[in-house]
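**Student:** predicted structure and sequence below. I'll ask about it afterward.
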Amino acid sequence: MNEVIETLLNHRSIRKFKNTKLTSTQIDCIVEAAQQASTSSYMMAYTIIGVTDDSLKASLAEVSGQPYVKENGHLLVFCADLNRQTHSAPPEVSLKMKENLENSEHFLVSAIDAALAAQNAAIAAESMGLGICYLGSLRNDIARVDELLALPPHVIPLFGMAIGEPDHLPDRKPRLPKQAVYFENQYQFHDEAVQEFDKRIASYYQQRSSNNRSDTWTQQMHRRFSKTIRMDVTDLVQKKGFNKR
């Protein structure tokens, strides 16, 4: 056990922040840590947009439906970006690039690159005593976020990250047991491990310090996948030149 492992194991999403802006030094450190993340074929296929304009923050909070999108120390939006790798190519090279740009492989690569960078940023922030919350809710209206951020072709907004000094430290939420997610050599399904986790998470929901309820992980997942959401994401992704093949 060391400080890095302790930081990783102590993660929890923070949804209430003190009214303290991050310093430029903190932001620079977090972004630099993000840039040191692993990247496929040295593509660095992501862009990070720091949102400092209050009116823009308010508009993004409307999309999200979450107040902490506006009320935080700093807001980042992580984008998949294949624009800078290709925008200066001459026409004959652009034509050769087209199939690669539009295939699922490079859509996955750019999304993975952005996620790796974001997780580095999250750990850097938490190591400073800050809290973070990932914001997939920005995809509630992905076309609106794309418009607000004036993103060019081959750049799409994936998710946000609110960062700041925690004003409330929630209980640490349990994770699935190792037996449910780690298998050797081939896929297995450990139904008993999931059932035991359902009992544990049901107890957690009933006993936690706020927002108590009767629920299990399996019930949550059944509800989550029974209701279609964000069906417009595919349209925007393909409109921006990704994942057409």
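**Tutor:** Now that the structure is in, tell me what you want to look at.
**Student:** surely residue 73 meets residue 22?
**Tutor:** Yes. Between residue 73 and residue 22 there is a contact under C-beta atoms under 8 Å: 4.5 Å. Backbone N, C-alpha and C define where each C-beta goes, glycine included.
**Student:** find residues that contact each of the two.
**Tutor:** Shared contacts of residue 73 and residue 22 (C-beta atoms under 8 Å, 6 or more residues apart in numbering): 130, 163-164.
**Student:** ok, residue 156 to residue 74 distance?
**Tutor:** According to C-beta to C-beta, to the nearest Å, residue 156 and residue 74 sit 22 Å apart.
**Student:** what does residue 240 give?
**Tutor:** For residue 240 relative to residue 74 (C-beta to C-beta), the value is 26 Å.
**Student:** the residue lying farthest from the centre of the chain and residue 100, how far apart?
**Tutor:** Distance from the centre of the chain peaks at residue 92, with 35.6 Å (C-alpha atoms, centre = their mean). From residue 92 across to residue 100, the span is 15 Å (C-beta to C-beta).
**Student:** give me every residue that touches residue 127.
**Tutor:** With contact taken as C-beta under 8 Å, 6+ apart, residue 127 is in contact with 3-4, 7.
**Student:** about what we covered before: among the shared contacts of residue 73 and residue 22, which one has the most neighbours?
**Tutor:** Among these, residue 163 has the most neighbours (other C-beta atoms under 10 Å), with 27 neighbours.
**Student:** wait, a strand at it?
**Tutor:** Yes. The assignment for residue 163 is a strand, going by DSSP: H, G, I helix; E, B strand; the rest coil.
**Student:** what's across from it in the sheet?
**Tutor:** residue 74, residue 132 (DSSP bridges).
**Student:** would you mind measuring from it to residue 50?
**Tutor:** 10 Å.
**Student:** do residue 95 as well
**Tutor:** 35 Å.
**Student:** looking at these two, which is more packed in?
**Tutor:** Neighbours per residue, other C-beta under 10 Å: of residue 95 and residue 50, the larger number sits with residue 50, 13 against 10.
**Student:** would you say that one is within a strand?
**Tutor:** Yes. According to three-state DSSP, residue 50 belongs to a strand.
**Student:** all helices of this structure, in order?
**Tutor:** 3-9, 24-35, 54-64, 91-102, 104-127, 142-148, 178-181, 191-207, 217-226, 233-239 (DSSP state H).
**Student:** hey, which of those is tucked in deepest?
**Tutor:** Stretch with highest mean neighbour count among these: helix 104-127 (a mean of 20; mean count of other C-beta atoms under 10 Å).
**Student:** hmm, back to that, looking at the helices of the chain, which is nearest to residue 16?
**Tutor:** Minimum separation from residue 16 across the helices of the chain (C-beta to C-beta) falls at helix 54-64, 14.1 Å.
**Student:** now do the closest one: everything it contacts.
**Tutor:** With C-beta under 8 Å, 6+ apart, helix 54-64 has contacts from 51, 67, 69-70, 75, 77, 135, 137-138, 140-141, 144-145, 148, 160.
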